[in-house]
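A.B. asks: Sequence first, then the predicted structure, then my questions.
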Amino acid sequence: MNIFIANTKKQNTAKLITLLQKIDKEITILGNASSYKETIDFCNKHSSALDLLICGTQLQGETTSNILNQISGSNSIIFTAGSKHEAYEAIKSNCTDFVLEPCDHNEISDALVKVKSV
């Protein structure tokens, strides 16, 4: 599974990469970004190779719906955020799953199972 991670908090990205590699050795991290523009550019340029985007609910003030509207293709998306309040918008956006930060092994593992079943 090819994954791209977008999060403004580098420590969350590093932890997520570590968790993903422990959960599934066949996961390939294609890259990561902390900005909205980098995320949109990467996802649109590599949409055919990208299986999953794991993205914070806020990237430089852009909302989940703005992010989804700018990405071409039908990639699965897991949104992450630091509060349950932010979950509402992510769930409304029709993402594949939502995980609260800091992400833990079980939540990420469950989300990946959901992605694989879609």
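C.D. replies: Perfect, thanks for sending it.
A.B. asks: quick one: buried residues of stretch 57-71?
C.D. replies: T57, Q58, L59, E62, T63, T64, I67, L68, I71 (16 or more other CB atoms under 10 Å). (C-beta placed from N, C-alpha, C; glycine too.)
A.B. asks: One more: stretch 104-118?
C.D. replies: So stretch 104-118, judged by 16+ other CB under 10 Å, has buried residues E107, I108, A111, L112, V115.
A.B. asks: and the residue nearest the centre of the chain, what element?
C.D. replies: In the chain, the centroid-proximal residue (CA atoms, centre = their mean) is I54; its distance is 0.9 Å. Per DSSP states H and E: I54 is located in strand 52-56.
A.B. asks: Can you name every helix or strand that that strand contacts?
C.D. replies: The elements that strand 52-56 packs onto, with contact taken as 3 or more CB pairs under 8 Å, 6 or more residues apart in numbering; DSSP states H and E, are strand 2-6, helix 36-45, strand 76-81.
A.B. asks: looking only at pLDDT, what's the mean for the helix or strand that comes right after it?
C.D. replies: Following strand 52-56 in sequence order, the next helix or strand is helix 64-70 (DSSP H and E). Taken as a whole, helix 64-70 has an average pLDDT of 81.
A.B. asks: Please put the alpha-carbon coordinates of helix 64-70 into PDB.
C.D. replies: Output in PDB follows, covering the C-alpha atoms of helix 64-70 (Å, rounded to 0.1, in the frame of the first residue of the first chain):
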ATOM      1  CA  THR A  64     -11.200  18.800   4.900                       C
ATOM      2  CA  SER A  65     -13.700  19.700   2.200                       C
ATOM      3  CA  ASN A  66     -11.300  22.100   0.500                       C
ATOM      4  CA  ILE A  67      -8.600  19.400   0.500                       C
ATOM      5  CA  LEU A  68     -11.000  16.800  -0.900                       C
ATOM      6  CA  ASN A  69     -12.300  19.100  -3.600                       C
ATOM      7  CA  GLN A  70      -8.700  19.800  -4.900                       C
END
